[in-house]
Every structure is written in C-alpha cells, then in structure tokens.
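Chemist: Pasting a predicted model and its sequence here:
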Amino acid sequence: MFLDKFFLFLVSPVFGFFISLSQIELLGYLLNTYFQLYLLVLLFLSRAVIVTPNMLLQHSNDSSLLNVAKQNFNKYLLALLSIRIELKTFKIFLFLFLFCTIEYLHLINGRSGIDGLSDIRMILYSPLYGSILFFVFYSQYLYTLSVPTVQALIAFTVKLTTYFSIFFIIYWILLFNGYLTSNVNSNFLNANGVAYFALFSCFAILFNVKILNIKYVKVYFFINLSVILLNTTRGALLILTCLVLYIFFTKIAFIKKASLLSALLLIFVFFYNSIFNYVLGEQFFELYNHVFNSTFEQLSNTEGAFISDMGEDRIDGDSTLSSIGRIFVNYFAFLNFVENPLFGVGQNLSYSLKIMGATIHSFQFMLISSVGLVGVIFFFYIIKKIANRILRCRRTPFILILYSFCVLLFTNSIPFYFVFLIYLFYNTQFEQIARSNK
C-alpha cells in the first residue's frame with residue numbers, strides 16, 4: 001500500500017507543483033507522461049516481486065519454491081508472465097495497440113510525427129497517447145487489487161488533494177499580495193490543473209463520501225472549493241454547479257423541478273449578457289466577429305494579446321482572448337476531422353494548431369482531429385470494456401459520463417485520477433445489480 005500511495009503522489013499535480021516551484025529545469029522531465037509510465041512499469045514489477053512469491057507460497061506446501069524465486073530475479077518475471085491473462089484483458093490491449101498504430105499510418109502517409117520522431121517515442125512522449133496508455137495500464141493494475149484497496153487509494157488521493165490545497169491557499173494569498181515572487185514559466189495564480197484536481201475531490205465527496213472515511217466532510221469540500229474559486233477556473237466552477245444542481249434535481253419532486261428549471265431559464269434570459277461576460281469575457285462578441293472574418297493564417301500569426309483591427313487597446317488582462325482562442329482552435333480541429341474523417345490528421349498537426357496563443361485544450365477535439373472516426377471507435381471500445389469489467393454491468397452511471405465529458409472539454413489529455421472514477425460507483429452499482437437479481 002505504501003508503494004501505491006507514493007506512486008499516486010509522484011503522478012499527482014501536487015508533485016508537479018513542487019517541481020515547477022523549484023524552477024530546476026532538469027526536474028521538469030519528471031513531469032512528462034513517459035516518466036509516469038516508467039513508474040507504472042516499476043509498480044507492476046514491484047508487485048510481482050513482493051506479491052507473487054507470497055501467492056506461490058500460499059499455493060504450495062514446498063517452501064523451497066519461494067527460496068528459489070528469491071535467488072533468481074528471472075523467477076519473479078516468470079511468475080509474472082505465468083499469471084493468466086483473461087480474454088477481456090487481451091481485447092483491451094489489442095484495441096489499444098490498434099489505436100496507437102493509427103499514428104504510424106500517418107507517418108506512412110507522409111505526415112511527420114510529434115517532435116519529428118518516427119519511433120515508439122512519438123507514442124510514449126505524447127500527452128495524448130501517453131495519457132491513454134497510462135489510463136489503460138493503470139486501470140488493469142488496479143483490477144489486480146481488491147476493491148477495498150482501490151477505494152482506500154481513492155480516499156488517500158482526496159486527502160492528499162485537500163492537505164495540499166491548504167498549503168496552496170496560503171501560497172496563493174502570499175503570491176497575490178506580493179509577498180512571494182511568481183515563477184516566470186508558471187502561472188500559479190491560475191493553476192487550472194490544481195483546480196480540476198480539487199474538483200475531483202469535490203466530485204468524490206458529493207457522490208460517494210462513504211468510502212473516503214472523512215470525519216469533517218464539509219471542511220474538506222470547502223477547502224477544495226476554495227482552490228477552484230481562487231484560481232477562477234470557470235470550467236471547474238461550471239461543472240461543479242452542474243453537479244450540485246444534478247443532486248438537487250434528483251431529490252425534489254417533479255413540480256419543483258419544473259419550477260426551478262423555469263426560474264433558471266428566466267434568470268438566463270434576463271442576465272445572459274452578464275453570464276456570457278463572466279464565462280467568455282467582456283469583449284467576446286466583438287472579438288468573435290473579428291476572428292470569424294479572418295483566415296487561419298491571420299489568426300495563427302497573431303502575437304500576444306494585440307489585435308490591430310481593434311485599435312490600440314490591449315486586452316491581455318481579460319479572459320476573452322483565452323475563450324475565443326480555445327473556441328476557434330477547437331473549431332479548426334473539428335475541420336481537420338471533417339476533411340479527414342477516417343483517421344484524422346495525426347497528433348503533430350493537431351498540436352500545431354494555435355490561435356492567439358491557444359492550442360487545443362479539449363480532449364474530444366484533440367482525439368477526433370488526431371485519430372478520426374476509426375480511432376474514436378477503438379478508444380470508446382477500450383473505455384467501455386474497462387467500465388463494464390469493473391462495474392460488472394452494461395450501464396454506466398449518467399453522472400459519471402457527464403462529469404468525465406465536461407472535464408475533458410477543458411483538458412487535452414486524460415488526468416490520472418480518471419481511473420478512480422469507475423470505482424467511486426462500484427458499491428452502488430453492484431448493490432443495484434444484486435437487488436435486481438433477487
């Protein structure tokens with residue numbers, strides 16, 4: 001359990017935050033996806049070295065078998081390879097292999113690989129493919145553990161997030177008031193990765209607090225909420241609002257639901273300008289018209305926050321540029337998919353899309369642009385098989401799909417903690433199946 005918890009710390013945004021805070025460039029390599037994959041391989045091997053000999057001893061009356069295994073490391077690897085591979089596991093890895101080969105099809109078609117690479121590194125070094133590889137491999141690793149053990153790791157992750165959030169809040173306040181100097185390479189006043197990590201803790205508290213073994217639930221929730229508010233992460237705030245409304249709607253009668261929906265609709269009708277100004281930025285529509293009438297070359301050559309056609313006013317202090325840049329870069333990613341629907345254009349061309357400093361921040365648009373319809377089918381087959389295997393049913397909870405879809409709209413890779421989402425609903429879903437079978 002110690003190794004599993006230490007591993008979670010190393011792949012979490014907590015470790016990444018302190019690495020970035022150190023400003024030591026060499027340590028930045030530890031934040032790459034392939035580093036997390038290497039750690040996961042070591043975790044697999046450590047489990048084979050530590051757990052497999054104990055399993056052999058339990059199934060054998062001859063203790064010499066264990067002594068032989070201890071004398072030769074190859075015995076451990078042999079024991080690991082001798083573990084029965086289920087057909088479902090084989091299918092998952094088969095489709096994962098097919099999914100990754102799409103990138104090689106782009107190489108054959110004359111497109112360049114990411115960072116000019118043409119070997120396996122273009123998969124391992126990729127934030128897109130690397131995060132998917134990590135998700136699949138880690139999900140299969142967790143499947144070898146007991147459900148209570150995995151749920152204990154979820155509880156550890158939530159507590160790690162909360163304890164770190166206390167530190168982050170203090171650090172953010174000191175940084176905001178000028179008592180600390182900011183790292184030129186990192187914007188810690190708007191650490192969106194930390195905010196979405198805190199959002200995961202809020203999600204776990206809202207939908208399965210029983211497995212977390214937390215005494216002061218409201219305090220934990222408020223601490224994580226404070227991180228989201230300080231970072232002014234609009235996407236996380238919007239998602240959290242939707243989660244709270246979902247819980248509220250499931251607990252009230254139909255008439256109250258209709259009344260509340262009507263009230264929310266009226267609020268939107270009368271205050272939509274204020275809502276759009278907060279979410280998208282005050283000058284969004286003005287800048288939208290400018291961008292809509294420009295070519296991709298004109299947009300991609302726009303430097304910083306200066307838009308010459310809008311006059312001498314700079315709007316880099318406003319969130320408008322970020323909003324409009326991300327919207328239109330997703331639009332051009334979708335055009336890549338429309339023009340190349342089967343296999344997309346590859347990850348290198350997808351990552352090269354840049355509008356007013358913004359690249360693709362949405363996993364869904366990165367996916368369809370990079371691998372096309374065939375890759376999307378492979379990917380969803382893998383996800384469905386993993387979910388069905390853990391939940392032991394064909395239906396995935398709606399709120400799990402909604403949360404995952406919304407979060408991935410604001411990040412171009414799969415966060416490591418997404419593996420835990422399915423286990424949050426394991427008990428509830430399994431109990432429903434048990435009751436239906438009676």
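Modeler: Sure thing, it's come through. Residues are numbered from 1 along each chain as shown.
Chemist: contacts, neighbours, all on C-alpha from now
Modeler: Noted.
Chemist: Next one: the closest residue to N224 other than its chain neighbours from L40, what distance?
Modeler: With sequence-adjacent residues excluded and distances taken as CA to CA, 6 or more residues apart in numbering, N224 is closest to A198, at 5.0 Å. For A198, the distance to L40 equals 23 Å [CA to CA, to the nearest Å].
Chemist: What ranges does the stretch 201-350 of the chain have for its helices?
Modeler: Counting by DSSP state H, counting those that start in this stretch, the stretch 201-350 of the chain has helices at residues 217-231, 234-250, 254-280, 284-292, 296-300, 320-339, 347-352.
Chemist: Those: which one's closest to K88?
Modeler: helix 347-352 (28.2 Å; CA to CA).
Chemist: Please spell out which residues along the helix or strand following that closest one are buried.
Modeler: Going down the chain from helix 347-352, the next helix or strand is helix 363-391, by DSSP states H and E. By 16 or more other CA atoms under 10 Å, the buried positions in helix 363-391 come out as 363-376, 378-379, 381-382, 385-387, 390-391.
Chemist: pLDDT averaged over helix 363-391 - what is it?
Modeler: For helix 363-391, mean pLDDT is 91.
Chemist: Next SSE downstream of that helix?
Modeler: Following helix 363-391 toward the C-terminus (DSSP H and E): helix 398-408.
Chemist: Counting by contacts, list what that next one packs against.
Modeler: Packing partners of helix 398-408 (3 or more CA pairs under 8 Å, 6 or more residues apart in numbering; DSSP states H and E): helix 234-250, helix 418-424.
Chemist: Just the angle for it relative to helix 234-250, thanks.
Modeler: 170 degrees (axes from the mean of the first three to the mean of the last three CA atoms, to 10 degrees).
Chemist: circling back: relative to Y129, which of the helices of the stretch 201-350 of the chain is closest?
Modeler: Closest among these, using CA to CA: helix 347-352, at 9.0 Å.
Chemist: Which element, helix or strand, includes T181?
Modeler: Here T181 is assigned to no helix or strand, by DSSP H and E.
Chemist: number of nearby residues for L225?
Modeler: The tally of other residues near L225 (other CA atoms under 10 Å) stands at 21.
Chemist: who are the neighbours in contact with it?
Modeler: Listed by CA atoms under 8 Å, 6 or more residues apart in numbering, the contact set of L225 reads 198-199, 202.
Chemist: Tell me which of the helices of the stretch 201-350 of the chain sits nearest to L124.
Modeler: helix 347-352 (12.6 Å).
Chemist: Just the residues contacting the closest one, thanks.
Modeler: By CA under 8 Å, 6+ apart, helix 347-352 touches 103, 112-115, 128, 333, 359-360, 366, 369-371.
Chemist: Can you lay out the helices of the stretch 201-350 of the chain as CSV showing distance to L87 and mean pLDDT?
Modeler: CSV is the format used below for these (distance: least, CA to CA, whole Å; pLDDT from 0 to 100):
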stretch, distance to L87, mean pLDDT
helix 217-231, 40, 92
helix 234-250, 36, 87
helix 254-280, 45, 71
helix 284-292, 50, 66
helix 296-300, 47, 62
helix 320-339, 33, 81
helix 347-352, 30, 89
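Chemist: Output these in a markdown table, with distance to Y29 appended to each entry.
Modeler: Output for the helices of the stretch 201-350 of the chain, formatted as a markdown table (distance: least, CA to CA, whole Å):
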| stretch | distance to Y29 |
| --- | --- |
| helix 217-231 | 25 |
| helix 234-250 | 27 |
| helix 254-280 | 34 |
| helix 284-292 | 36 |
| helix 296-300 | 28 |
| helix 320-339 | 27 |
| helix 347-352 | 20 |
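Chemist: So which of those is nearest I422?
Modeler: That would be helix 234-250 among the helices of the stretch 201-350 of the chain, by CA to CA, at 16.5 Å.
Chemist: Could you give me the buried positions within that closest one?
Modeler: 234-237, 239-240, 242-243, 249.
Chemist: And stretch 32-48, by the same measure?
Modeler: Result for stretch 32-48 [16+ other CA under 10 Å]: buried residues 32-37, 40, 43, 45, 47-48.
Chemist: start to end distance for stretch 404-422?
Modeler: Start-to-end span of stretch 404-422 (CA to CA) is 10 Å.
Chemist: and if you look at stretch 345-360?
Modeler: End-to-end distance (CA to CA), stretch 345-360: 14 Å.
Chemist: how distant is that stretch from the center of its chain?
Modeler: Stretch 345-360 sits 19 Å away from the centroid of its parent chain (CA atoms, centre = their mean, to the nearest Å).
Chemist: how about it: buried residues?
Modeler: Residues 345-351, 353-360 are the ones in stretch 345-360 that count as buried (16+ other CA under 10 Å).
Chemist: How about stretch 390-403?
Modeler: Here stretch 390-403 shows 390-391, 396, 403 as buried, counting by 16+ other CA under 10 Å.
Chemist: mind putting those in a markdown table, distance to I324 included?
Modeler: Below are the buried residues of stretch 390-403 laid out as a markdown table (distance: CA to CA, whole Å):
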| residue | distance to I324 |
| --- | --- |
| I390 | 39 |
| L391 | 39 |
| T396 | 33 |
| Y403 | 23 |
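Chemist: quick check, nearest of these to A191?
Modeler: When those are compared for distance to A191 (CA to CA), Y403 wins out at 19.9 Å.
Chemist: In this structure that closest one contacts L238, no?
Modeler: No: the pair Y403 and L238 does not pass the contact test of CA atoms under 8 Å, sitting 10.9 Å apart.
Chemist: secondary structure class for the closest residue to F363 other than its chain neighbours?
Modeler: Computed as CA to CA, 6+ apart, the closest residue to F363 that is not its neighbour in sequence is N412, at 3.9 Å. Classification of N412 using DSSP: H, G, I helix; E, B strand; the rest coil returns coil.
Chemist: wait, N412 sits on I360?
Modeler: Yes: look at N412 against I360 with CA under 8 Å: they come within range, at 6.6 Å.
Chemist: Check the contact lists of these two and give me the overlap.
Modeler: M366.
Chemist: Run through the residues that contact the closest residue to I414 other than its chain neighbours.
Modeler: Using CA to CA, 6+ apart and skipping residues adjacent in sequence, the residue nearest I414 is S131, 5.4 Å away. The neighbours of S131, taking CA under 8 Å, 6+ apart as the test, are 33, 413-416.
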